[in-house]
Structure formats: C-alpha cells, structure tokens
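Colleague: A predicted structure for the sequence below; I have some questions about it.
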Amino acid sequence: EMLPSGLHWKLQVITTMHPTKSPIVLYWCDPIKCISSIFNQPLFHDYMDYSARRVYTCVQKVCHVYTEWMTGDHAWEMQSDLPVGATLLGMILSLDKTTVT
C-alpha cells in the first residue's frame, strides 16, 4: 500500500511466417524507466560506477588489470571523446538465458 510500484511490463505476441510450438512473446518496458528505477534504489548506491579508469598491478604500469567494463580500453577511449562533465553509463537492460558475469 505504501510501497512504490514497480516497473510496468508490457507484452507483445510476435507473429511469424513459420509455425512455432508456442507463441513468441516479447516482454518489455520503457528503458528510461528501468534506468530510473535502478538509480533510485538505495541498495545500489555503493555499487554505481561512473568513471572509466585504468588499473595496473604496479607503479610502472607494466600489466593492465581488466576487472569490469569501466577498466577496459574501450570505456577509456569513449570517455575521452565525451565533453567535459559528461560520463558513461554502461547498462545491460536485456538478457536472455545466458549468464552475465
């Protein structure tokens, strides 16, 4: 009653020219509302990462450590192309049955 409502998911049955054993159903919701919902969760506060960075094993920067997307070369290059004050926002808003780690 006092709790905020969650996201409102929609569904759409996809018709195909080929027969299927069961209907193909696409479940979706507004991606902006998804992102807003994630950013408004206090439990995620300490886990949000907004800065591309390079991590090395030593001061000489001999061995680059890749632990997550924001430590990768691509994130660093993309951040370098953004205007001052802008930042990257890496979000996975779609997932099939594949495990994402």
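Modeller: Okay, I see it.
Colleague: okay, CA-based contacts and neighbour counts for the rest of this
Modeller: OK.
Colleague: how long is stretch 13-20 end to end?
Modeller: Stretch 13-20 has an end-to-end distance of 12 Å (Cα to Cα, to the nearest Å).
Colleague: that one - what's its average pLDDT?
Modeller: Mean pLDDT, computed over stretch 13-20, is 93.
Colleague: tell me which residues in that stretch are buried?
Modeller: Residues of stretch 13-20 include none that count as buried (16 or more other Cα atoms under 10 Å).
Colleague: and the contacts of that stretch?
Modeller: 23-26 (Cα atoms under 8 Å, 6 or more residues apart in numbering).
Colleague: contacting residues around the residue most central in space within the chain?
Modeller: Closest residue to the average C-alpha location of the chain: residue 91 at 1.5 Å, with Cα atoms, centre = their mean. By Cα under 8 Å, 6+ apart, the contact set of residue 91 is empty.
Colleague: what helix or strand is the residue of the chain most remote from its centre located in?
Modeller: Using Cα atoms, centre = their mean, the residue of the chain lying farthest from its centre is residue 19. It sits 33.6 Å away. Residue 19 is part of no helix or strand when elements are defined by DSSP states H and E.
Colleague: one more: residue 33?
Modeller: Per DSSP H and E: helix 31-39 holds residue 33.
Colleague: next SSE after the helix or strand of the chain at the bottom of the mean pLDDT ranking?
Modeller: Within the chain, no helix or strand scores below helix 31-39, which has a mean of 85 by mean pLDDT, DSSP states H and E. Sequence order places strand 55-56 as the next helix or strand after helix 31-39, per DSSP H and E.
Colleague: avg pLDDT for that following strand?
Modeller: Rounded mean pLDDT across strand 55-56 is 92.
Colleague: just checking: what are the partner strands of that strand?
Modeller: strand 64-65 (antiparallel) (DSSP bridges).
Colleague: can you give me how far the helix or strand following the strand it pairs with is from the chain middle?
Modeller: Sequence order places helix 73-81 as the next helix or strand after strand 64-65, per DSSP H and E. Its chain's C-alpha centre and that of helix 73-81 lie 16 Å apart, by Cα atoms, centre = their mean, to the nearest Å.
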